[in-house]
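A.B. asks: After the sequence you'll find the predicted model.
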Amino acid sequence: MPIKVLSRLNRMLERITEQLFLVCAVISAMITVLIFGFMVIFGLPLIKGGQFFHLLTQPWLPYHNLYGIYPMIAGTIFIASLGVVFAFPLSIGCASLISVIDGGVFSRVLRRVVQLMTGIPTVIYGFVGLFLLVPTVRELFLSGSGMCVLSASIMLAILIAPTMILFFVDSFESVPNSYMQAVDSLGGSKVQKLIYVVIPESWSGILTGLVLALGRALGDTLIALMIAGNAVQVPCSLLDSARTLTAHIALVIAADYESLEFKAIFACGIALYIFTTLLVVLVRSFRYNSRRGQV
Amino acid sequence: MDKSIKIKTENLFFSYHNNLVLKNVSVEFREHYISAIIGPSGIGKSTFLMTLNRLWESISGAAMKGKIKIQFDGEFQDIYDQSYSLTNLRRSVGMVFQTPNPLPMSIYRNVAFPLKLAGHKKKDYIDHMVEEALKRAYLWGEVKDRLHNDAFTLSGGQQQRLCIARSLILEPEILLFDEPTSSLDAESGMGIEELLVSLKEQCTLLVVSHYGDQVKRIADTVVELSDGHLIPVNE
Amino acid sequence: MNRSLEIAIAVCSWLCGIVLLGTVCTIIGYIAFNGLGTLKMQLLFGDINPLDALLLRKQVFDGLFPAIVGTLLLVILSVGIAIPIGMASGVYMAEYANDRVKKVFSLLFDILASVPSIVIGLFGFTLAVFLHKHFSENIYPSLFISSISLAFLVLPYIIRTTQIALENLPPKTRLAALALGATKLQNIIYVLIPKSLSGIISGVILAIGRCAEDTAVIMLTGVVASAGVPKSLLAQYEALPFYIYYISSQYRNTEELLSGYGASIILLVICTVLFFCAFMIQRGLTYRALYRA
């Protein structure tokens, strides 16, 4: 074939491939939008009937035909926040140990172990939590079944800690070496280095890690499903049983498809989607406001 | 009059990942002298400086053998002795690096930082010491009205003088300078040189330099590092 | 800060490390202790002869074999769908997209990455309903629907790792082939992708691990407790993580509970091996990629 035709074919091939890549990217992006779209479409009867906002604030009383998801919203916020509250100090402590305070064998082992932990399946945390943690909580507090907000939060904290730790370690280790050298040459101790230079410099990284962990905690299904007790009530104490939005979806999916009860889970889906999207936007605003504004 | 010995090394060996950088170095440095250390690039001059404040210990793969003794209050102290505190060593032996390394704080807090590390809290005392240190570093006039500005707003030469002020505030007896003017322009460099000479009175200075004329201008004695050995150079 | 506060802070850090290490050891130890005894052929194949089961001559009803097959099929299908689309998207983001497009898509991909897995499962369910109504009455929550949904779940991982791996290539590498007259596409296929292979593959392995361990998505899209080895894409199926969840609340006797521990060990080992592979590949492939194409 003459070279001109060959090269025109090649150029066409290039352009087609580029379009193909674009199509794939668009498909991927559209999925994000479609997820929200389908939630809204299937939950449309609720929104149309003006019941959506009622749903968000009412309790769940099937016998009274009330399908408010407010107790689940409370449960989600309670358990997720508590999980982060437990995980945060643990993670900062471990990250400090790994990056600054100890440089020896223990921190190297710890780092590897933490990396390994990120691969442990959630269902296994739930399983162990159910058979080890729940009885312990039950014995310790001598009330209830042990399946409560406290147990779920503790297990959740263990779930999200490894990712947080690795994130913090990354932030700590990107503090410029010249600062570390300066503190060393002035006779500063490791703890002084940590408190006066490393942590203040990593502030935005720490905040980002915190918000990411919160997102992860909000979105977890299995731990809450297996350990939190799933009672449909607004939890008033740590030992109360509670249900999260995620667990609610998993439990109600078996109900009659046409019922209002069923449609309520789309409200859960919408609520979760909006929560996590807001967190994503929040994290992006941190990154934008800190040093590099590149997306 | 010949000044007394301040620093002496005995049979010093140093290696990075089993490559010998310093071989059997036994050398003495006199008090209140500016001693220059010269030699080709990358040969180990900075390494030698770091043996004097034990900064090499945070680098992996580095190993040292031998003794280093520094004279404090008339007595020689083995600085690698277990009982001698690392913090005390680094407060008595200050170091200024090739590239200025201010901390991400204001000018005032940078200079006051060593005092904070040492546990001083009285504001009046700190204010006074900061002013003294900045004056000794010939920087006070230029920054006295903007002490709370970020240290990175200073020019290169000013940042270097800031780092020198920071090292001076605890009144160290020895100051180590690792090519203090090589990242600066000629004019700032001259300023630093004048500063170094003025510091001789209160401190003992060791200056690594690869500028021959700088050495001629400021040094009292010169040693050359070649093939792992430190050899005195006679002018 | 006085000396005692410094010591307290250091002690707290050490305590955190010890607590974390202790917790992991407890979790893994507890499962290993209870489950090691059950790791026999019987756990996998029940009363059926292993050979018969493997050749699909007979169905296994009280063994983990169908669940393991189910998980395997899930992983292969979902990752098989996600890799081409994800890599293509990643290449587009790194090599072709202009800044504005990049910003928008990057936001959408970040959102997709943080959507809770149960919501993706819900989406898969609604997709099944939609397809059932508008395409074919035969479509129900099944292996097919689960694979697509899992693909959605791991798509952001693959896109992100591909994009980052390509973007982190040094400028010299990018320009070398172009200077010799290669087209943009040739550069991507013959130079850039091979050089970023280790990053891309570690993303793929992450995706594989995610598919193997996920429970929430499959719960809503077709997994059941007992279905045997799936006969077609549109059939229901079993999976290892779901088995563990199901057994934890529905066990009828000690034997069944212990099988849950056994299944946990198997799942743990699979995920650990995958993590280890990703780690080794990251170290090893970079070395080889520099000496091959």
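C.D. replies: Received the coordinates, thanks.
A.B. asks: Show me the residue sitting in the middle of chain A in space.
C.D. replies: Taking C-alpha atoms, centre = their mean, the centroid of chain A lies closest to A:R216, which sits 0.7 Å from it.
A.B. asks: How about the backbone phi and psi for that one?
C.D. replies: phi -60, psi -40 (degrees, to the nearest 10).
A.B. asks: since we're on the nearest residue to it once chain neighbours are set aside, how many residues are nearby?
C.D. replies: Spatially, and ignoring its direct neighbours in sequence, A:R216 is nearest to A:I160 (5.2 Å; C-beta to C-beta, 6 or more residues apart in numbering or on different chains). From N, CA and C alone the C-beta is placed, and that goes for glycine too. By the measure other C-beta atoms under 10 Å in any protein chain shown, the count of residues near A:I160 is 27.
A.B. asks: What residue in chain B comes nearest to chain C?
C.D. replies: In chain B, the residue that lies nearest chain C is B:G119 (6.5 Å; C-beta to the nearest C-beta).
A.B. asks: so where does C:L21 fall, helix or strand?
C.D. replies: For C:L21, the element it lies in under DSSP states H and E is helix C:3-35.
A.B. asks: pLDDT wise, what is residue 131 at?
C.D. replies: Defaulting to chain A. Reported pLDDT at A:F131 in the predicted model: 92.
A.B. asks: other chain: chain B
C.D. replies: Per-residue confidence (pLDDT) for B:E131: 95.
A.B. asks: got it, and C:Q250?
C.D. replies: Reported pLDDT for C:Q250: 87.
A.B. asks: Now do the contacts for it.
C.D. replies: If a contact means C-beta atoms under 8 Å, 6 or more residues apart in numbering or on different chains, then C:Q250 has C:A225 as its contacts.
A.B. asks: How about the backbone phi and psi for it?
C.D. replies: Dihedral pair for C:Q250: phi -120, psi 20, per degrees, to the nearest 10.
A.B. asks: With adjacent residues omitted, what lies nearest to whichever residue of chain B sits closest to chain A?
C.D. replies: Distances from chain B to chain A, computed as C-beta to the nearest C-beta, single out B:R90 as the nearest residue at 3.4 Å. Taking C-beta to C-beta, 6+ apart as the measure, B:R90 lies nearest to A:G187, with 3.4 Å between them; neighbours along the chain are not counted.
A.B. asks: For that neighbour, which three-state class applies?
C.D. replies: Reducing the assignment at A:G187 to three states with DSSP: H, G, I helix; E, B strand; the rest coil gives coil.
A.B. asks: Also C:I145?
C.D. replies: Secondary structure of C:I145, reduced to three states by three-state DSSP: helix.
A.B. asks: do you know how far C:M87 is from chain B?
C.D. replies: C:M87 sits 37 Å away from chain B, going by C-beta to the nearest C-beta, to the nearest Å.
A.B. asks: neighbours around that residue, how many?
C.D. replies: Using other C-beta under 10 Å, C:M87 has 22 neighbouring residues.
A.B. asks: How about C:V269?
C.D. replies: The local packing count at C:V269 equals 11, with neighbours defined by other C-beta under 10 Å.
A.B. asks: For it, what is the enclosing helix or strand?
C.D. replies: Element membership of C:V269, judged by DSSP H and E, is helix C:254-289.
A.B. asks: Any stretches of chain A with poor pLDDT?
C.D. replies: Counting by pLDDT under 70, chain A shows low-confidence ranges at A:1-4, A:6, A:46-58, A:60-67, A:255-258, A:260, A:290-295.
A.B. asks: For it, just list every one of the strands.
C.D. replies: Counting by DSSP state E, the segments of chain A that form strands are A:60-61, A:66-67.
A.B. asks: Ok, chain B next?
C.D. replies: Taking DSSP E, the strands of chain B run over residues B:5-16, B:19-25, B:28-30, B:34-38, B:62-72, B:75-78, B:93-96, B:174-178, B:204-208, B:221-226, B:229-233.
A.B. asks: still on that earlier bit, buried residues in the helix or strand immediately after the helix holding C:L21 in the chain, which are they?
C.D. replies: On the C-terminal side of helix C:3-35, the closest following helix or strand by DSSP H and E is helix C:41-45. Neighbour-count burial for helix C:41-45, counted by 16 or more other C-beta atoms under 10 Å in any protein chain shown, picks out C:42-45.
A.B. asks: now do stretch C:137-151
C.D. replies: Of the residues in stretch C:137-151, those buried by neighbour count under the rule 16+ other C-beta under 10 Å are C:139-151.
A.B. asks: Report whether it contacts chain A.
C.D. replies: No: under the criterion of C-beta under 8 Å from any C-beta of the partner chain, chain A is not reached by stretch C:137-151; the shortest gap measures 9.3 Å.
A.B. asks: Now do that stretch: everything it contacts.
C.D. replies: Counting by C-beta under 8 Å, 6+ apart, C:70, C:73-74, C:77-79, C:81-82, C:85, C:120-121, C:123-125, C:127-128, C:131-132, C:210-211, C:214, C:217-218, C:220-223, C:230, C:232-237 sit against stretch C:137-151.
A.B. asks: Going by distance to C:F33, which of the buried residues of helix C:41-45 wins?
C.D. replies: Distances from C:F33 to the buried residues of helix C:41-45, taken as C-beta to C-beta, are shortest for C:L43 (16.0 Å).
A.B. asks: so that closest one touches C:F65, yeah?
C.D. replies: No: with contact defined as C-beta atoms under 8 Å, C:L43 and C:F65 do not form a contacting pair (9.2 Å).
A.B. asks: Burial check on the residue nearest to C:D62 when sequence neighbours are not counted, number of neighbours?
C.D. replies: Once its chain neighbours are removed from consideration, C:D62 has its nearest residue in C:G46; the separation is 4.0 Å (C-beta to C-beta, 6+ apart). Using other C-beta under 10 Å, C:G46 has 18 neighbouring residues.
A.B. asks: ditto for C:D99
C.D. replies: 9.
A.B. asks: quick one, what contacts A:T76?
C.D. replies: Contacts for A:T76 (C-beta under 8 Å, 6+ apart) come out as A:218, A:224, A:244-246, A:272.
A.B. asks: Which one (most neighbours) among the residues you listed?
C.D. replies: Neighbour counts for these were taken using other C-beta under 10 Å; the highest belongs to A:T244, which has 35 neighbours.
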